[in-house]
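Novice: Build me a structure from this.
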Amino acid sequence: MDERRTVRKKWATRAMDAVERVGNALPDPALLFVILALATMVASYFTAKAGVSVSYEGVNAATGKIETISAQAYNLLSLEGFHYMVTHVISNFTGFFPLGTVFTIILGVSVCEGTGMLNALLRRLVSRTPKALVSAMVVFLGVMSNIASSTGYVVLVPLGAVIFVAGKRHPVAGLAAAYAGVSGGWTANLLLGSNDPLYAGMSTQAANILNPNYVVQPTGNWYFMVASTLLVTLLGTYITDRVVEPRLPPYEPGGDAVVQENTADEKKGMRAAGVAALIYIAVMALLVVPPHGLLRNPATGQVLRSPFMSGIIFFMMLLFLIPGIAYGAASGKIKTSKDLTKLMSNGIAGIASFLVLLFFAAQFTFLFGKSNLGIIISVKGAQFLKSIGLVGLPLLLTFVLVTALINLVIPVDTAKWAMMAPIFVPMFMHLGYAPELTQLVFRIGDSSTNVITPLMPFFVMIVAYFQKYDKKAGIGTVVSTMLPYSIGLLLGWLLLLSLWFVFSLPIGPGAALFYGGL
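Specialist: Residues are numbered from 1 along each chain as shown. Next comes the predicted model:
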C-alpha cells in the first residue's frame, strides 16, 4: 500500500511539475492581454485585407430590431483604426463594466474584512458545531467564505486544521476539507459574492457583440449556485471522511489545539452586526416584496426588470457595509469616520494589481470587439460546431472539460473569462444558448481544477499550511491529497449540469438556458 502510494505521489508530482513549468512559461496575465491586443491588431489587418465577412441574425443597435446584419473585419492598423486606438484608451478602461462593479463591492467587503467581523463569525460558527458535523461545516463555510473573495484562504483553511486537531482528527484532512470548500466550491454559494457582478459584467459586454441590449445580471447563476452549495458540501464531506482522512498516516499532536473563543468586544460587535443586517433586510423587503414596492418596476410591477435588479450591486455593497460598520462601531474597531475610510482604502489597495489587470483586459476586449473578429469567429465557430454535430449537452460538457484543463495553466479566473467570453458567449448565442449558461459552464470547469493547479495564487500558502503538519509535504503531496476532490467535484457538476439541461431548469432569476433573441 505504501509503495503504491509512493508511486502515485511520484507520478502526480511529475505531472504537476510539468503543468507548473508550462504555466510559469506564460507571461503575467496583464502582459498576456497586451500580447492578445497586439495579436488582434495583426489579425485584423490580414482578415480585413482578405475581405473576411459574415452575415448573421442579430439585434440592430440603432433600431433594436432583429435583422440580418453583415460584419466585415475592421483593420485596426489603418489610419482610422490607429486614431480609434489612441483616442479610446481611457474610455475603454472607464467603460469596462467590471471596473465599477468590483470597486463598489470591495468598499463594503473591505469593512467586513478589515474590522475582523468575518474572522470572528467563522470562528464562532465552527466552535459551536457538533463533532459529527465538523467536516460538513468546514466545507460549507469554505464555500460561503467566497462572498468575501479570498477571506477563506487566509482565515478558514488554517482554521480547518485547528478544528480537526481539537477533535482528535488529522489536521491535513481539515486543511483539505477547508481548501476544497474555498477553492473547489468557487462556483457555489447561497448568497451573491464579489465575483458574481464581475463575471456578469464581462458576460454582458461579450453578449453585446450580438445584442447591444442584453444584460447578464449578477444573479444569473444563483439557482445553480445554491444547488451546487449542497453538492459541494456533500461531496466534500464524503471525500474528506471516506477517502482522504483514512489514507493519512497517524498524527501525533504536539499540543492541545483550540479554536480561539470570541472576545467580549467581538461578541458585542456580532450582536450589533446581526441587528443591523436584520434591519437592512427588513427595509429591503418592504421596498421589494409588496406589489407596489418602491424598488419594483413602476410600469409592470416586476422585480426582474426593476430598479432593484439594476441597482443590485449597490444593494449588495450595503449588505456588507452596514453590518460591517455596526460591528466595527460596537467592537471598537471603528471610532471615527477616518477609520471607516481607511478600511475602504486598504480594501481598494488590496486589489491594486487586479485594477492593473483590468486596464489591459479592457483594451483587449474593446479592440477585439472593434475589429469584429469576435463576431466572425463566433459565427464561423457556430457553423463549424453545427457541421460536426457538437451541440447540446455534449458541447456543454466538452466546454467544461476544456476550461478545466486551461485552468491548470491559467488559474486566474477573471483573466481567463475576459479572454474567453468575447469568443464563446456570442458563439454559443448563435447556437441558441444564453450567455448565463455559457458563463455557468465556464465557472464549473474553472472551479473543478482550482484545488490541484500549483499556479493558483494561494497554492504556495496551502503548501506552507501542509508543511506545518507534515514536514515532507510538497506540491505533489498537496495535489495527490486534493485530486479526489477535483475528480469528485468535476463528475458531480457534470451530472448536475446534465440534469439541469435535460429538465430545462432556470439557472437564475429570469435566466433561462436558451437564448431566443436570434
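Novice: W186: which element?
Specialist: If you go by DSSP states H and E, W186 is not part of any helix or strand.
Novice: For it, give me its contacts.
Specialist: By C-beta atoms under 8 Å, 6 or more residues apart in numbering, the contact set of W186 is N146, N195, D413, R443, D446, S447, N450. (Each C-beta comes from the backbone N, C-alpha and C, glycine too.)
Novice: Which secondary structure element of this protein has the lowest mean pLDDT?
Specialist: helix 2-25 (a mean of 60; mean pLDDT, DSSP states H and E).
Novice: Which neighbouring elements make contact with the helix or strand just after that one?
Specialist: Next along the chain after helix 2-25, taking DSSP H and E as the criterion, comes helix 29-49. If you count contacts as 3 or more C-beta pairs under 8 Å, 6 or more residues apart in numbering; DSSP states H and E, helix 29-49 packs onto helix 352-370, helix 373-388, helix 413-430.
Novice: Kindly reformat those helices as JSON lines containing distance to A25 and mean neighbour count.
Specialist: Output for these, formatted as JSON lines (distance: least, C-beta to C-beta, whole Å; neighbours: other C-beta atoms under 10 Å):
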{"stretch": "helix 352-370", "distance to A25": "19", "mean neighbour count": "20"}
{"stretch": "helix 373-388", "distance to A25": "25", "mean neighbour count": "17"}
{"stretch": "helix 413-430", "distance to A25": "16", "mean neighbour count": "24"}
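Novice: among the ones you listed, which is nearest P218?
Specialist: Between P218 and these, the tightest spacing by C-beta to C-beta is seen for helix 413-430, at 14.1 Å.
Novice: What is that closest one packed up against?
Specialist: For helix 413-430, the packing partners by 3+ C-beta pairs under 8 Å, 6+ apart are helix 29-49, helix 195-207, helix 352-370, helix 373-388, helix 392-406, helix 435-448.
Novice: Sort out which residues of stretch 93-113 are buried, please.
Specialist: 93, 96-99, 101-113 (16 or more other C-beta atoms under 10 Å).
Novice: thinking again about what came up before, looking at the contacts of W186, which one is closest to L495?
Specialist: S447 (14.9 Å).
Novice: if I pick that closest one, what's in contact with it?
Specialist: Counting by C-beta under 8 Å, 6+ apart, S447 has contacts S183, G184, G185, W186, T187, A188, L489, W493.
Novice: quick one: which helix or strand includes L121?
Specialist: Judged by DSSP H and E, L121 forms part of helix 117-127.
Novice: where's the residue nearest to V215 when sequence neighbours are not counted relative to D196, distance?
Specialist: Nearest residue to V215, sequence neighbours excluded (C-beta to C-beta, 6 or more residues apart in numbering): T204, at 5.5 Å. As judged by C-beta to C-beta, to the nearest Å, T204 and D196 stand 12 Å apart.
Novice: Between these two, which is the more surrounded one?
Specialist: More crowded of T204 and D196, by other C-beta atoms under 10 Å: D196, with 28 against 20.
Novice: Hmm, the more buried one is touching S203, no?
Specialist: No: using C-beta atoms under 8 Å as the test, D196 is too far from S203 to be in contact (10.6 Å).
Novice: Show me the common contact partners of the two, please.
Specialist: Contact criterion C-beta under 8 Å, 6+ apart; residues bridging D196 and S203 by contacting each: G220.
Novice: Just give me the longest helix of the chain.
Specialist: helix 475-502 (DSSP state H).
Novice: Can you pull the poorly scored residue ranges out of this protein?
Specialist: 1-24, 26, 59-64, 148-150, 253-259, 517-518 (pLDDT under 70).
Novice: Report the central residue of it.
Specialist: N195 (4.8 Å; C-alpha atoms, centre = their mean).
Novice: Now do that residue against A404, distance only.
Specialist: Applying C-beta to C-beta to N195 and A404 gives a distance of 18 Å.
Novice: One more: T40?
Specialist: Taken as C-beta to C-beta, the span from T40 to A404 is 26 Å.
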